[in-house]
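J.: Build me a model from this:
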Amino acid sequence: MRMFIALDLPLEVKNYIYSKIKDIMEVLDLKWVDYRLYHITLKFLGDIEEDEIDEIDTKLSEISKKYNAFYLKLKNLGKFPVYGKEINVLWVGVENNNKLEKLAKDVQMSFKNYGDSKPFSPHITIARNKKSKVINLEPMEFNFEFKIEKITLFESILYPSGPLYKIFKTYPLKL
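T.: All right, here's what the predicted structure looks like:
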């Protein structure tokens, strides 16, 4: 199973982002992510064997019990690579948040033997581009605060039409 750990976003956040970007979706020739799949990835685990699930479950249960629910605020439109005019990934950023950074660091350290070793960069991927196009992006600000109340373990199932993210299990934060 291909899995990752993320913060699933409340539906009202997904709807807000979609309402802000739907006009540029018609103009920019990118592969747009289904808004129902928006999330903030904490750690990509990669392919997981059945016998690894219990260890992952135990670690995520322990981590979730250490953290209180917290608020995040959407910030602006951004892209990878950061420099230049090419776009491989278009994303919505969130304001710097110490609670998010601590949680992400804890998850990254607890699962350092899994997946990739990319540094944590809090963002919500909204579009991808396999051919790295040069696009002039107009700045776009987002102003929406929301509460994060759980960590989610997702299974990622790849299809030719794009990935499907299935919630495998959720881990509530302290309220």
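
J.: how about the helix or strand of the chain with the lowest mean pLDDT: buried residues?
T.: Taking mean pLDDT, DSSP states H and E as the measure, the helix or strand of the chain with the lowest value is strand 123-134, at a mean of 83. If you call a residue buried by 16 or more other CB atoms under 10 Å, then strand 123-134 has these buried ones: 123-129. Just so you know, the C-beta spots here come from the backbone N, C-alpha and C atoms, and that holds for glycine as well.

J.: Next, give phi and psi for N113.
T.: When quoted as degrees, to the nearest 10, the phi and psi of N113 stand at phi -90, psi 0.

J.: make that D23, sorry
T.: Given degrees, to the nearest 10, the pair of backbone angles that D23 has is phi -70, psi -40.

J.: Dump the C-alpha coordinates for stretch 101-111 into PDB.
T.: Output in PDB follows, covering the C-alpha atoms of stretch 101-111 (Å, rounded to 0.1, in the frame of the first residue of the first chain):
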ATOM      1  CA  GLU A 101       6.300  22.900  12.600                       C
ATOM      2  CA  LYS A 102       6.700  20.900  15.900                       C
ATOM      3  CA  LEU A 103       4.100  18.400  14.800                       C
ATOM      4  CA  ALA A 104       5.700  18.000  11.300                       C
ATOM      5  CA  LYS A 105       9.200  17.600  12.800                       C
ATOM      6  CA  ASP A 106       7.900  15.000  15.200                       C
ATOM      7  CA  VAL A 107       6.200  13.000  12.400                       C
ATOM      8  CA  GLN A 108       9.300  13.400  10.200                       C
ATOM      9  CA  MET A 109      11.600  12.100  12.900                       C
ATOM     10  CA  SER A 110       9.300   9.300  13.900                       C
ATOM     11  CA  PHE A 111       9.100   8.100  10.300                       C
END
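
J.: Which residues belonging to that stretch are considered buried?
T.: Of all the residues in stretch 101-111, those buried under the rule 16+ other CB under 10 Å are 103-104, 106-108, 110-111.

J.: Okay, and which of those map to helices?
T.: Secondary structure assignment by DSSP state H places 103-104, 106-108, 110 of the buried residues of stretch 101-111 in helices.

J.: between those residues, which is closest to D23?
T.: Set against D23, the nearest of those by CB to CB is A104 (31.6 Å).

J.: For the helix or strand just after the least confident helix or strand of the chain, which strands pair with it and how are they oriented?
T.: Remark: after strand 123-134, the chain's next helix or strand is strand 145-148, criterion DSSP states H and E. Strand 145-148 has the following sheet partners, assigned by DSSP bridges: strand 70-80 (antiparallel).
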